[in-house]
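# With the sequence up front, the predicted model follows.
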Amino acid sequence: MSDALTTLSWTVHPLVEHWRKSVLLGFFLVFLLLIIYLGFQLIYVAVLSAIFLIGSLYKYFLPFHHQFESDKLIITSCCFYRLERPWETFRSFYTDANGVLLSPFARPTRLENFRGVYVRFGKYPPEEIINFITNKIKD
């Protein structure tokens with residue numbers, strides 16, 4: 001295998017890549033938190049709601065660095081998240097417009113979304129990512 005296919009590395013940051021949607025999301029979150037505050041008239045309820053809302057959208061707000069190595073996949077984000085899996089873990093994969101779902105199952109199952117790993121393309125060329133995964137995961 002050539003050196004070009006032994007490693008791939010890129011960063012995905014949806015907040016920056018889709019800045020128009022991000023502005024709309026910001027307005028929506030501020031509006032929603034304002035409604036929550038006015039409804040309960042308690043600042044700590046609004047603060048807790050903000051923490052839960054923003055926390056649940058961490059994959060949108062934080063940049064994720066994807067690294068494909070010859071023996072493993074590494075996905076990191078700041079100091080909060082690190083996923084490292086050997087390629088042998090995955091037995092199949094499925095592509096869509098935004099990324100690839102790497103599945104530990106040989107056949108489709110409902111558990112794939114919970115046990116699989118979703119890799120976003122971001123601005124990186126999807127063809128290179130799919131070719132790399134195809135070389136690593138033999139169906």
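Nice, thanks for sending it over.
# all strands of this protein, in order?
8-12, 64-68, 72-77, 81-86, 92-95, 99-103, 117-120 (DSSP state E).
# buried set for the third one?
I take that to be strand 72-77. For strand 72-77, the neighbour count (16 or more other Cβ atoms under 10 Å) marks Leu73, Ile75, Thr76, Ser77 as buried. Placement of C-beta: from N, CA and C, glycine included.
# Please work out which residues outside it touch it.
58, 62-67, 81-87, 102, 117, 119 (Cβ atoms under 8 Å, 6 or more residues apart in numbering).
# Narrow those to just the buried residues.
Of all those considered here, the ones buried according to neighbour count by 16+ other Cβ under 10 Å are Phe64, His65, His66, Trp87, Leu102, Val117, Val119.
# okay, those in JSON lines with pLDDT and distance to Ser49 next?
Listed next are the buried ones among the contacts of strand 72-77 as JSON lines, based on pLDDT from 0 to 100; distance: Cβ to Cβ, whole Å:
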{"residue": "Phe64", "pLDDT": "94", "distance to Ser49": "25"}
{"residue": "His65", "pLDDT": "95", "distance to Ser49": "30"}
{"residue": "His66", "pLDDT": "95", "distance to Ser49": "31"}
{"residue": "Trp87", "pLDDT": "95", "distance to Ser49": "40"}
{"residue": "Leu102", "pLDDT": "95", "distance to Ser49": "33"}
{"residue": "Val117", "pLDDT": "95", "distance to Ser49": "30"}
{"residue": "Val119", "pLDDT": "95", "distance to Ser49": "31"}
